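**Student:** Coordinates only, no sequence provided:
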């Protein structure tokens, strides 16, 4: 319990500070302290991964981040089930993740009294997520996916595509340097 309190204190003290553009060395140290605070609160965060300022989560123990991944500023994770981020993932600002969804199937009960169900969210490795993306419960994002800004993501996103829109749909295949398949859809 003391470890979690210490982690919360570290995290809270450094969650509003952003100096990486003004003084990169001090900014890096602050990001490392913020990330260490989350680890002490129960998050599993890999080597060289960071969480930027104004980060919010309902439960750090449900958070797992692989190595070399970055979570952008102002991200909000409403975690009632697991949220796993793989290696080499870059997440832009203002991401919203939900692992709970309301049950809405009983016409005799008020909507707010029907309860919720929980489903984990999995983001595999080598993924780029643009700003202001919303990810809904049960989503699986495979390796090597790009998600455009403002997308709403639900379901299973297959590897090798750029997804955009509401709801997110594949719009283009991600090209490889050694092929001419860049415009293949």
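**Tutor:** Sure, I can see it. Here the structure is a predicted model, which is why all the values come from computation and not from measurement.

**Student:** So what's the residue count around residue 129?
**Tutor:** Neighbour count for residue 129, taken as other Cβ atoms under 10 Å: 26. In short, each C-beta sits where N, CA and C put it, glycine included.

**Student:** List the contacts of it.
**Tutor:** 89-92, 95, 123, 146-147 (Cβ atoms under 8 Å, 6 or more residues apart in numbering).

**Student:** Go again with 10 Å.
**Tutor:** 71-72, 75, 85, 89-92, 95, 123, 135, 141, 145-149, 151, 153, 163 (Cβ atoms under 10 Å, 6 or more residues apart in numbering).

**Student:** One more: residue 152?
**Tutor:** So residue 152 contacts 96, 132-136, 165-168 (Cβ under 10 Å, 6+ apart).

**Student:** Can you list the buried residues in stretch 82-97?
**Tutor:** Within stretch 82-97, the residues that count as buried by 16 or more other Cβ atoms under 10 Å are 82-89, 91-97.

**Student:** What of stretch 125-139?
**Tutor:** 125-130, 132-139.

**Student:** That one - what's its average pLDDT?
**Tutor:** If you average the pLDDT over stretch 125-139, you get 98.

**Student:** Quick check: what element follows the longest helix along the chain along the chain?
**Tutor:** Using DSSP state H, we find that the single longest helix of the chain is helix 24-40. Downstream of helix 24-40, the first helix or strand assigned by DSSP states H and E is strand 44-45.

**Student:** residues in contact with that next one?
**Tutor:** The contact list for strand 44-45 (Cβ under 10 Å, 6+ apart) reads 35-36, 38-39, 51, 60-67, 69, 71, 84-85.

**Student:** what lines up beside the following helix or strand past that strand in the sheet?
**Tutor:** Next helix or strand after strand 44-45 toward the C-terminus (DSSP H and E): strand 50-51. Here strand 50-51 is paired, per DSSP bridges, with strand 70-71 (parallel).
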